[in-house]
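Need coordinates for the below:
(2 chains)
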Amino acid sequence: MKKRVGIPRALLYYKFEAMWKTFFEELGAEVIISPETTKTIKDLAVRYAPDEDCYSTKLYFGHAIYLKDKVDYFFIPRFGSDHEVNVGCPKFIGLAQVLDSLFPDFPEIIMPYYSQAKANHGKRRLLRIIFEIGFKFTYNPLKILKAGFRAFEAQRKYEEQLHISEQQLEKWINSQIFLNEKPNLEKRNKPLKLALVSHPYVLNDSLSNLDIRENLSQKGVDIITSQQMPRSTIEDQMEKLDFNMYFSYEREILGTIMYFLENNTIDGILQLAVFSCGPDSIVLELASRYSRRQPETPLLQLVIDELSSEVGFSTRIEAFIDMIDRRN
Amino acid sequence: MPFTFPHFGSLTYVFEIIFKELGRTDIMLPNKPSRKTSELGSRYSPEFVCTPFKLTLGTFIEMLDKGADELGIGGGNMYCRFGLYWPVQKLILEDLGYDFKFFPIPIYDAFDLLRTFRTISNNFTVWETIKAFRTTWIKTRFIELVDNLHFKYRALELEKNQADRLAEETHRKIVDIQGLGNLRRYGKKLPELFDKTIEIDKKKKKDALKIGVCGEIYVALEPTLNLDIHRKLNELGVITKNCISLGMLIDFGRKINPFKTLPYKKARRVAKPYIGQRCGGEAQENIGDIILYKKKKWDGLIHLYPFTCMPEIITRSIAPQVSREYDMPFLSLVVDEHTGETGFQTRLEAFVDLLSRKKDKMLAR
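Coordinates of the predicted model:
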């Protein structure tokens, strides 16, 4: 029988989906990924997760508990950073061991630790991790190595496809291409252009973002997400800061906001923040202060948590869109 | 150009020392934060940022009003958002219309640290800066020693306020003392000085409870934020100690000494099975301290952290398991600017009662 590896569909899954799935499939394991967040998972999350964690981390707990009895292994990496100085969120590192400590009845958790910034891990460490995990599933080192290479290849391809190039960005700004869902153009002749800015695990999880992407495209809004922005554009923006924004995932958020505030090429920016997310609290303030200094492109900041209601949420988005319409 | 920095419990003295050693004569000592400070800070702060941000911002606003215009605060790359305090505070203060200059001090990078200190200093050479820094970390050892003695003798003293007075006196003296030889001689006499000056309750000393206070460094050390937890515990007759110290960050003398293992390194080592790597804040140290303080036969540990602090939530989630396995009572308390004094006091009293009953049971057996 194939060994079953469970990966909760939350947090870093949305970033490294391709890599992890390919790796375990190549190793000959059965990969079980929890379904898209449902009401049940959310209820589990709210009930069992530590009450002070951020909403997305809570959802992670929900996903993990949902998978608990269906898998032989959990794959929850302790991921510190993949950059020389910039780091991820501390929660990502602690998560595996917190779950292990809070729920002793969990199946074995595979938790490789990788942090380039603080622990100076490099390719050798990666190789070690690959083999350590691999030997749990197969004794063929060549197969493990192959799985490792394929996994990174898949991740590279996925990212290549995800991140658009600067030319594509230009084309999107000039309304030549669509990057996401086609907007519904029944009520307006020209789609509005909005940048939807948030963490990947909010943008792609339709329960936690309260179905905002569908909602927007129904209203005839053409969006670009912060996840898709060209990396070079973001790095260029980050160079302009007089400090180093050392949270890697906030860089893409702040970078996107700064880029569009500066260039005024689109109609508005919509930022979704997760309640009690540490880095978000900083970036929210930075973004709002920057937008006050460059007020041409309107910026709407919404904070989501487990109590946000869809109605209140869509009312504010509607008001924002109306405001943009009136400006144009 | 008056220079100022946030108030940080007894570590305010440490900051005072370093800037004095760097040849700055225009230091403005920060006010002790009050209710008003934290209100002022909260008014202009982001919504769910952690409390130290609000308190430091409040202090900066108060000091800028008093005429300071150079602000020093920690910076650099880390896991915690502390390193991003200053860019946000800078924007906020700029929008409030103040004219000032920020000096972020990168606390995790020794070379950057020296470079920054040199820019702050009064045209010092590199060697002079290193010397100033060295004096600071040696003085820090004694400042922290005084703190420990203070929290011990305050719990046992017969006449009230004696320990407070003596601690303030000795702190001031350590700051002002010139020459490392003098300092070392004075430091050696400190325990004796406390012993002689303060009359203690001998009976109390025998069965006094001992509780360590750990947690996020700013909350654990700043009395305004933790509602002076040490005093509250001392008044209940409990000997307390700070499990964490700034010394661990800046004491390079002990850091590079191969014959000494600093307590924080020990703590990290014993914490490995529970939390295998540093993840910002003092998470790993705190978990380790539960085990270390059990081995030292302390009675309990109180863990403080500001609301929404990312690393300490990890500690808080893992700590129950460690505390169960080692049979070490552990109380985790969240602190923010709305924490009520009475509720806090009640919980501390309940915890102390619990511990004293446990101790009685152990003795009776």
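
burial count for the residue of the stretch 51-200 of chain A found nearest chain B?
As assessed by CB to the nearest CB, chain B sits closest to residue A:94 within the stretch 51-200 of chain A, at 3.5 Å. C-beta: built from backbone N, CA, C; applies to glycine. Neighbourhood size, residue A:94 [other CB atoms under 10 Å in any protein chain shown]: 28.

same thing with residue B:285?
By other CB under 10 Å, the residues close to residue B:285 number 25.

Does the closest residue to it other than its chain neighbours belong to a helix, a strand or coil?
Leaving aside its sequence neighbours, residue B:285 sits nearest to residue B:267 (CB to CB, 6 or more residues apart in numbering or on different chains; 4.6 Å). Here residue B:267 is recorded as helix under DSSP: H, G, I helix; E, B strand; the rest coil.

Surely residue B:267 touches residue B:283?
No: contact criterion CB atoms under 8 Å: residue B:267 and residue B:283 do not qualify, at 10.7 Å.

Quick check: buried residues in stretch A:147-165?
Buried positions in stretch A:147-165, judged by neighbour count with 16 or more other CB atoms under 10 Å in any protein chain shown: A:147, A:148, A:151, A:152, A:154, A:155, A:158, A:163, A:164.

out of those residues, which are inside strands?
Using DSSP state E, no member of the buried residues of stretch A:147-165 falls within strands.

residues contacting the residue in the stretch 201-350 of chain B that chain A sits nearest to?
Nearest residue of the stretch 201-350 of chain B to chain A, counting by CB to the nearest CB: residue B:314, 3.5 Å away. Counting by CB atoms under 8 Å, 6 or more residues apart in numbering or on different chains, residue B:314 makes contact with A:90, A:91, A:94, A:97, A:98, B:275, B:279, B:283.

10 Å - rerun?
With contact set as CB atoms under 10 Å, 6 or more residues apart in numbering or on different chains, residue B:314 has these partners: A:50, A:53, A:90-91, A:93-95, A:97-98, A:101, B:275, B:279-281, B:283-284, B:286-287.

lowest average confidence, helix or strand, in chain A?
Across the helices and strands of chain A, mean confidence by mean pLDDT, DSSP states H and E is lowest for helix A:116-119: a mean of 84.

Can you give me the buried ones in the following helix or strand past that one?
The element immediately downstream of helix A:116-119 (helix or strand, assigned by DSSP states H and E) is helix A:123-134. Judged by neighbour count (16+ other CB under 10 Å), helix A:123-134 contains these buried residues: A:125, A:126, A:129, A:130, A:133, A:134.

Settle this for me: the fifth one is touching residue A:5, isn't it.
Pointing back at residue A:133 there. Yes: between residue A:133 and residue A:5 there is a contact under CB atoms under 10 Å: 9.3 Å.

Dihedrals phi and psi, residue 33?
All of this is about chain A. phi -110, psi 130 (degrees, to the nearest 10).

Please refer instead to chain B.
phi -60, psi 140.

Touching, it and residue B:55? I think so.
Yes: counting by CB under 10 Å, residue B:55 is a contact partner of residue B:33 at 5.5 Å.

which one of these two has more residues nearby?
Set side by side, residue B:33 and residue B:55 show more neighbours around residue B:55, with 28 against 23, by other CB under 10 Å.

what helices or strands is whichever strand or helix holds that one leaning on?
Using DSSP H and E, residue B:55 maps to helix B:51-66. Contacts defined by 3 or more CB pairs under 10 Å, 6 or more residues apart in numbering or on different chains; DSSP states H and E place helix B:51-66 against helix A:278-293, strand B:3-4, helix B:35-44, strand B:70-75, helix B:85-95, helix B:217-221, strand B:300-306, strand B:330-335.

7 Å instead?
Applying 3 or more CB pairs under 7 Å, 6 or more residues apart in numbering or on different chains; DSSP states H and E, one finds that helix B:51-66 contacts helix B:35-44, helix B:85-95.

can you redo those as a markdown table with distance to chain A and mean neighbour count?
Compiled in a markdown table, those are given as follows (distance: least, CB to the nearest CB, whole Å; neighbours: other CB atoms under 10 Å in any protein chain shown):
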| stretch | distance to chain A | mean neighbour count |
| --- | --- | --- |
| helix B:35-44 | 10 | 17 |
| helix B:85-95 | 4 | 20 |
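
Could you dump those into TSV with mean pLDDT added?
Listed next are these as TSV, based on pLDDT from 0 to 100:
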stretch	mean pLDDT
helix B:35-44	90
helix B:85-95	92
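
now those as CSV including distance to residue B:74?
CSV is the format used below for the helices and strands packed on helix B:51-66 (distance: least, CB to CB, whole Å):
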stretch, distance to residue B:74
helix B:35-44, 16
helix B:85-95, 7
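
re the thing from before, list the buried residues in the least confident helix or strand of chain A.
Residues of helix A:116-119 classed as buried by neighbour count (16+ other CB under 10 Å): A:116, A:117, A:118.

what's the answer for stretch B:244-264, then?
Neighbour counts using 16+ other CB under 10 Å place B:244, B:245, B:246, B:247, B:248, B:249, B:250, B:251, B:254, B:255, B:263, B:264 of stretch B:244-264 among the buried residues.
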